[in-house]
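Participant: Next one to model:
(one chain, ligands or ions: 1)
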Amino acid sequence: MKITIFGTGYVGLVTGTCLADVGHDVVCMDVDAAKVARLEAGEIPIYEPGLETLVRHNMEEGRLRFTTDAEAAVRFGTLQFIAVGTPPDEDGSADLQYVLAVAETIGRHMTDEVVVVDKSTVPVGTADRVRDTIARVLDERGESLAFEVCSNPEFLKEGNAIEDFTQGARIIVGTESEWVKGLMRECYGPYIRLQEKLMFMDVRAAELTKYAANAMLATKISFMNEIANLAERLGADVEQVRRGIGSDPRIGYHFIYPGCGYGGSCFPKDVQALARTAGDVDYSADLLQAVEAVNQRQKQTLFAKLSRAFDGQLAGRTIALWGLSFKPNTDDMRDAPSRTLMEALWAAGARVRAYDPEAMDECRRIYGERDDLVLVADRQQAVAGADALVICTEWKVFRTVDFAWLKDELAMPVIVDGRNLFDPATVQGHGLMYFAVGRGNSL
Ligand code: UGA
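Facilitator: A predicted model of the protein is given here:
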């Protein structure tokens with residue numbers, strides 16, 4: 001099957017590569033010539049375990065190609081996936097300019113019937129706008145070619161994208177067209193396990209499913225963070241509460257880990273966008289707004305705890321920071337809690353010595369050279385000469401720690417752990433002050 005993917009960002013690249021890997025003929029188009037050149041040289045612009053090998057293999061086999069040539073890309077695929085970015089507007093709603101620009105491009109260059117597949121996370125009603133745009137451009141050209149637009153939202157997690165693609169819980173396709181259903185079966189069919197997971201529904205339900213899934217997961221996290229904050233003040237251990245409630249299958253263990261707030265390119269953006277959409281149809285999405293507000297507050301708790309540990313005297317202090325990415329196995333720092341913390345520390349006159357297994361370049365790119373940020377080569381060096389340690393990301397490598405050594409290194413024996421990595425009694429047993437999330441000791 002011939003498939004065109006517009007956008008070689010995270011979603012586009014994973015989708016294109018995985019579809020090529022089961023034998024489809026895939027062309028990925030991007031307007032960013034530098035990015036396409038890097039991809040053609042087998043260089044992957046993002047960190048995602050397993051992706052590079054898969055890209056190179058499929059390029060060598062000739063099933064995966066990259067181009068900046070929009071016209072050739074449109075003429076190539078029977079399926080045309082739109083996987084470009086939908087960054088938040090100033091008011092939090094999703095900016096559709098890139099999605100609609102692809103629709104224009106398709107309308108301008110198509111010479112045969114095509115099925116356009118919305119893969120980007122887009123507000124309810126976008127498929128209609130994509131359809132209208134293509135129809136308008138075709139009309140301007142005086143052409144009347146058949147086309148369909150369907151919604152096929154992605155549910156990939158960064159760091160686990162290939163597995164999520166090939167063994168996901170479901171594939172949602174919003175369409176009423178039998179033609180589209182047949183093509184989508186053919187597209188995902190080679191992944192035997194995915195065949196049974198194809199769910200057809202109407203377009204708007206598919207579009208809303210994507211937001212509802214992310215909003216539900218974000219809600220679970222904010223709820224748990226609220227319980228953790230309460231636990232801290234009530235002298236209860238939220239880890240025991242988590243196990244207690246997770247054992248009820250109606251609640252489950254997934255996504256109830258309290259922490260220093262959710263980040264990344266999806267939850268913050270999608271919760272805000274859905275709340276915005278609600279406003280557009282005169283509905284006040286109070287729960288979604290609370291989920292967002294609780295998360296904003298949670299991201300500030302690391303600084304608040306440090307500040308209390310130092311009686312508000314953070315100026316001139318050096319804080320060691322382990323973990324910059326918004327979660328492990330990615331170099332992505334979008335909306336990461338580490339950023340809220342570092343920016344608050346800098347505003348308070350403190351310095352940061354940070355280490356992350358993957359996100360150091362990204363951090364350099366975002367913040368550039370500055371006197372109050374030192375990026376070091378390993379976690380030991382981060383701690384050397386620091387006053388206290390904060391953990392922002394639960395990278396595996398941070399889970400084993402020589403606490404006696406840590407006690408010697410830190411000027412003040414303070415650990416603020418935003419991810420509840422350790423047993424408080426063990427850490428405290430080494431004479432360290434340990435402030436985790438919701439573990440009974442309010443600071
Ligand atoms: C999320 C969804 O999990 C995917 O299903 C979805 O496809 C994706 O967004 C998207 O819309 O593209 P992702 O943002 O990659 O995926 O990351 P998650 O693993 O979901 O983590 C999100 C944030 O929640 C992280 O900051 C993580 O630390 C936090 N989290 C997660 C918690 O604080 N507690 C938990 O129990 C779970």
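Participant: Mind listing what's buried along whatever helix or strand E343 lives in?
Facilitator: Assigned by DSSP states H and E, E343 belongs to helix 337-347. Neighbour counts using 16 or more other CB atoms under 10 Å place 337-342, 344-346 of helix 337-347 among the buried residues. For glycine as for every other residue, the C-beta is placed from the backbone atoms N, C-alpha and C.
Participant: which one among those residues gets closest to the ligand?
Facilitator: When the buried residues of helix 337-347 are compared for distance to the ligand (CB to the nearest ligand atom), P337 wins out at 7.3 Å.
Participant: could you measure V149 against T15, distance?
Facilitator: From V149 across to T15, the span is 17 Å (CB to CB, to the nearest Å).
Participant: Compare those two and say which is more crowded by neighbours.
Facilitator: Higher neighbour count among V149 and T15: V149, with 28 against 24, using other CB atoms under 10 Å.
Participant: what does the model give the more buried one for pLDDT?
Facilitator: Note on V149: pLDDT of 98.
Participant: cool, the one 10 residues further on as well?
Facilitator: In the prediction, the pLDDT value recorded for G159 is 90.
Participant: Now the phi/psi pair for it, please.
Facilitator: For G159, the backbone dihedrals (degrees, to the nearest 10) come out as phi 90, psi -20.
Participant: residues near whatever residue of the stretch 1-150 of the chain ends up closest to the ligand, how many?
Facilitator: With CB to the nearest ligand atom as the measure, T121 is the residue of the stretch 1-150 of the chain nearest to the ligand, at 5.8 Å. T121 has 23 neighbours, counted by other CB under 10 Å.
Participant: Report the contact partners of it.
Facilitator: Each residue near T121 by CB atoms under 8 Å, 6 or more residues apart in numbering is listed here: 86, 94, 153-154, 210-211, 214, 266, 269-270, 273.
Participant: Kindly report the same for E40.
Facilitator: 59, 66.
Participant: Alongside the ligand, which residues does the stretch 151-300 of the chain contribute?
Facilitator: Residues of the stretch 151-300 of the chain found near the ligand (CB under 6 Å from any ligand atom) are 154-158, 214, 217, 221, 255-257, 259, 262-264, 266-267.
Participant: Make a ChimeraX selection of whichever of these turn out to be buried.
Facilitator: Buried members of these, defined by 16+ other CB under 10 Å, are picked up in ChimeraX with:
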select :154,155,156,158,214,217,221,256,257,259,262,263,264,266,267
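Participant: Report the residue spans of the chain with pLDDT below the cut-off.
Facilitator: 441-443 (pLDDT under 70).
Participant: Can you show me the strands along the stretch 1-150 of the chain?
Facilitator: 2-6, 25-29, 64-67, 79-82, 114-118, 147-151 (DSSP state E, counting those that start in this stretch).
Participant: Rebuild those strands as CSV, extending it with distance to R379.
Facilitator: Output for those, formatted as CSV (distance: least, CB to CB, whole Å):
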stretch, distance to R379
strand 2-6, 38
strand 25-29, 37
strand 64-67, 37
strand 79-82, 40
strand 114-118, 42
strand 147-151, 43
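Participant: OK, contacts around whatever residue of the stretch 51-200 of the chain ends up closest to the ligand?
Facilitator: In the stretch 51-200 of the chain, no residue comes nearer to the ligand than E158, which is 3.6 Å away by CB to the nearest ligand atom. Neighbour list for E158: 10, 48, 264-265, 327, 329-330, 332 [criterion: CB under 8 Å, 6+ apart].
Participant: same check, this time on L145
Facilitator: 110-114, 138.
Participant: How far does stretch 259-267 stretch from one end to the other?
Facilitator: 15 Å (CA to CA, to the nearest Å).
Participant: Run the chain-centre distance for that stretch.
Facilitator: 8 Å (CA atoms, centre = their mean, to the nearest Å).
Participant: The longest helix seen in the chain to strand 114-118, inter-axis angle?
Facilitator: Using DSSP state H, we find that the single longest helix of the chain is helix 203-234. On the basis of axes from the mean of the first three to the mean of the last three CA atoms, to 10 degrees, helix 203-234 is oriented at 10 degrees to strand 114-118.
Participant: got the buried residues for helix 203-234?
Facilitator: Neighbour counts over helix 203-234 (16+ other CB under 10 Å) mark 203, 206-211, 213-215, 217-229, 231-232 as buried.
Participant: Distance of S325 relative to the ligand?
Facilitator: S325 sits at a distance of 9 Å from the ligand (criterion: CB to the nearest ligand atom, to the nearest Å).
Participant: Sorry, wrong one. I was asking about V397.
Facilitator: For V397, the distance to the ligand - CB to the nearest ligand atom - is 16 Å.
Participant: Is that residue located within a helix, as I assumed?
Facilitator: Yes. Secondary structure assignment places V397 in a helix (DSSP: H, G, I helix; E, B strand; the rest coil).
Participant: what sits against it?
Facilitator: Taking CB under 8 Å, 6+ apart as the test, what V397 contacts is 357, 379.
Participant: cool, and D128?
Facilitator: 149, 203.
Participant: Show me what from the stretch 301-443 of the chain comes close to the ligand.
Facilitator: 326-327.
Participant: Okay, buried residues for stretch 27-36 please.
Facilitator: 27-31, 35-36.
Participant: For the residue of the stretch 1-150 of the chain closest to the ligand, give me phi and psi.
Facilitator: According to degrees, to the nearest 10, T121 has phi -80, psi 110.
Participant: Repeat that for N420.
Facilitator: phi 50, psi 60.
Participant: where's the closest residue in space to it that isn't next to it in sequence relative to the ligand, distance?
Facilitator: Excluding the flanking residues, the one nearest N420 by CB to CB, 6 or more residues apart in numbering is A436, at 4.8 Å. Distance, A436 to the ligand, using CB to the nearest ligand atom: 13 Å.
Participant: and A436, how many neighbours?
Facilitator: 28.
Participant: Let me know the next secondary structure element after the helix holding E343.
Facilitator: Immediately after helix 337-347, counting by DSSP H and E, sits strand 351-355.
Participant: Quick one: list the elements packing against that next one.
Facilitator: If you count contacts as 3 or more CB pairs under 8 Å, 6 or more residues apart in numbering; DSSP states H and E, strand 351-355 packs onto strand 318-322, helix 337-347, strand 373-375, helix 379-383.
Participant: How about residues contacting the longest one?
Facilitator: What it means is helix 337-347. 259-261, 263, 298-300, 302-303, 306, 314, 319, 321, 323-326, 333, 351-352, 354, 356, 366-367, 370, 372-373, 390, 392-393, 418.
Participant: So how do I select the buried members of the residues you listed in PyMOL?
Facilitator: Applying 16+ other CB under 10 Å to the contacts of helix 337-347, the buried members can be selected in PyMOL as follows:
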select buried, resi 259+260+261+263+298+299+300+302+303+306+314+319+321+323+324+325+326+333+351+352+354+356+367+373+390+392+393+418
